[in-house]
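Trainee: Make a model of this:
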Amino acid sequence: MPLRNSGQGELGARRECMSDFNIAVIGAGYWGRKHVDELSRSKSARLVAVSDLLEANRRICSENFGVGRTVEDYREILEDGKVDAVSICTNNELHYQVAKEALLAGKHVLVEKPLTMDAATSSELVGLAKKKGRVLCVGHLFRFNNSVRKLRQMHQDGFFGRLFFIKVQWTNHNGPVAGRTVLADLGPHAFDIPHFICGMWPEKSSYFGSQFRRGELEETAFIESDYGNGMFLYSELSWLLPEKKREIFVVGERACARADVISQKVVAQEVMNDEANREGKLKGIFEVPVAQNNALSEELESFVSDCKAGNPSPINSGEIGLAAVQSLFSCRKA
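Mentor: A predicted model of the protein is given here:
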């Protein structure tokens with residue numbers, strides 16, 4: 001992420017916030033800095049601190065985003081009684097430890113996906129949040145993407161009729177991520193997005209993954225899921241394809257649609273309503289109107305709103321994160 005030469009006027013505007021809700025970000029790498037950027041602009045929360053082990057990341061947050069307090073040890077933030085909530089953007093393997101400590105310290109928690117690396121620890125965090133009366137949200141970002149929201153609305157309006165299958169293609173070319181599989185990195189979307197659209201989790205899934213550039217940890221994965229009602233899910237995840245794709249296909253008895261969640265464009269086709277159309281021929285392709293939005297900004301604002309209201313059932317709740325983890329890692333046991 002390149003350094004921006006921000007003037008004092010911009011930094012001053014970033015600091016101006018009328019809210020008394022204080023939030024901090026733990027982990028200021030590539031994605032964590034995106035959280036810092038959005039929260040530094042928020043009018044509903046005050047970004048008061050950032051924690052990261054690397055001095056370079058802390059300096060970027062200070063110089064680019066006007067963060068007044070940066071610390072190496074995140075526990076300094078958790079010990080601060082003035083901090084109401086934290087956004088956790090650490091490595092996946094640290095989600096459980098940091099989120100647990102944050103909840104025990106009485107903080108509301110937004111943790112990036114996956115919630116944790118197994119169902120047992122995810123369940124523990126959900127229970128702990130309830131016990132402490134804190135909001136626990138998981139960074140299932142695409143629940144806030146307007147193209148995905150449009151597919152959900154179309155399904156709820158009966159546009160597709162009975163669903164046949166959903167296909168998720170989440171691919172790009174990326175160097176191997178140390179200590180991480182493509183399943184843990186991209187896989188949560190493959191289960192969470194279909195659930196958001198149709199409200200169901202699969203009954204069983206089968207999985208095949210392989211590594212090509214290193215001796216372990218998969219870089220490409222294919223998942224097939226059975227929802228037990230005649231609907232299937234097919235997911236393709238890869239760090240090896242040259243063109244970045246974030247696409248969702250929904251196919252039903254009456255129509256089908258494809259969403260490009262990067263451009264937030266949705267195109268659809270309907271089956272011809274003709275008794276003679278025994279082959280299920282389709283009408284012409286048409287674009288479905290979608291108002292583009294900043295999904296990360298809406299996710300963070302939603303989290304702040306949920307915290308202030310004490311909402312026990314956020315749209316990206318800990319329970320949703322737990323179910324996604326259960327679906328994600330159970331497919332490897334099939």
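Trainee: And the strands in this protein, which stretches?
Mentor: 22-26, 46-51, 70-71, 85-88, 108-112, 136-139, 163-173, 204-210, 220-226, 232-238, 240-252, 255-260, 265-270, 286-288 (DSSP state E).
Trainee: what's the closest of those to Ile315?
Mentor: strand 136-139 (8.5 Å; Cβ to Cβ). Glycine gets a C-beta too; all of them are placed from N, C-alpha and C.
Trainee: show me the contacts for Ser122.
Mentor: By Cβ atoms under 8 Å, 6 or more residues apart in numbering, the contact list for Ser122 reads 96, 114-116, 318, 321-322, 325-326.
Trainee: same deal with Ala255?
Mentor: By Cβ under 8 Å, 6+ apart, the contact set of Ala255 is 159-161, 268-271.
Trainee: pLDDT-wise, what's the bottom of those residues?
Mentor: Minimum pLDDT for the contacts of Ala255 is recorded at Val271 (86).
Trainee: Quick check: bridge partners of that residue?
Mentor: Leu282 (DSSP bridges).
Trainee: ok, Gly179 to Arg143 distance?
Mentor: From Gly179 over to Arg143 the distance is 27 Å, taken as Cβ to Cβ, to the nearest Å.
Trainee: what about the two, which has more around it?
Mentor: More neighbours surround Arg143 than the other of Gly179 and Arg143, with 23 against 10 (other Cβ atoms under 10 Å).
Trainee: What pLDDT is listed against the more buried one?
Mentor: If you check Arg143, the pLDDT there is 98.
Trainee: now swap in Arg180 and tell me
Mentor: 82.
Trainee: what's near enough to touch it?
Mentor: By Cβ under 8 Å, 6+ apart, the contact list for Arg180 reads 91-92, 217.
Trainee: Could you list the low-pLDDT ranges of this protein?
Mentor: Scanning the chain for pLDDT under 70 picks out 1-18, 273-280, 333-334.
Trainee: can you give me the angle the longest helix seen in the chain makes with strand 108-112?
Mentor: As assigned by DSSP state H, the longest helix anywhere in the chain is helix 182-198. Taking axes from the mean of the first three to the mean of the last three Cα atoms, to 10 degrees, one finds helix 182-198 and strand 108-112 inclined to each other by 110 degrees.
Trainee: Packing partners of helix 182-198?
Mentor: For helix 182-198, the packing partners by 3 or more Cβ pairs under 8 Å, 6 or more residues apart in numbering; DSSP states H and E come out as helix 146-156, strand 163-173, strand 204-210, strand 220-226, strand 232-238, strand 240-252, helix 318-330.
Trainee: Out of those, the one nearest Ala45 is which?
Mentor: Short answer: helix 318-330, nearest of the helices and strands packed on helix 182-198 by Cβ to Cβ, at 19.7 Å.
Trainee: For that closest one, which residues meet the burial criterion?
Mentor: 318-329 (16 or more other Cβ atoms under 10 Å).
Trainee: re the thing from before, now tabulate the strands of the chain in TSV and tack on distance to Pro194.
Mentor: Output for the strands of the chain, formatted as TSV (distance: least, Cβ to Cβ, whole Å):
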stretch	distance to Pro194
strand 22-26	29
strand 46-51	33
strand 70-71	39
strand 85-88	25
strand 108-112	20
strand 136-139	16
strand 163-173	5
strand 204-210	11
strand 220-226	8
strand 232-238	5
strand 240-252	8
strand 255-260	12
strand 265-270	16
strand 286-288	18
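Trainee: Pro312: which of the ones you listed is closest?
Mentor: Using Cβ to Cβ, those put strand 136-139 closest to Pro312, at 9.9 Å.
Trainee: Any figure for the gap between the spatially closest residue to Arg58 that is not a sequence neighbour and Lys82?
Mentor: For Arg58, ignoring the flanking residues on the chain, the nearest one in space by Cβ to Cβ, 6 or more residues apart in numbering is Thr70 at 3.8 Å. Taking Cβ to Cβ as the measure, Thr70 and Lys82 are separated by 16 Å.
Trainee: what's the answer for Asp226, then?
Mentor: 49 Å.
Trainee: the more surrounded of those two?
Mentor: Asp226 (14 against 11).
Trainee: what sits against the more buried one?
Mentor: Here Asp226 is in contact with 202-205, 232 (Cβ under 8 Å, 6+ apart).
Trainee: Go through those residues and name the one nearest Gly175.
Mentor: Ser205 (27.3 Å).
Trainee: give the contact list for that closest one.
Mentor: Contacts of Ser205 (Cβ under 8 Å, 6+ apart): 223-226, 233, 327, 330-331, 334.
Trainee: Turn those residues into a markdown table, including distance to Ala190.
Mentor: Below are those laid out as a markdown table (distance: Cβ to Cβ, whole Å):
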| residue | distance to Ala190 |
| --- | --- |
| Ile223 | 6 |
| Glu224 | 11 |
| Ser225 | 8 |
| Asp226 | 14 |
| Leu233 | 7 |
| Ser327 | 9 |
| Ser330 | 13 |
| Cys331 | 9 |
| Ala334 | 14 |
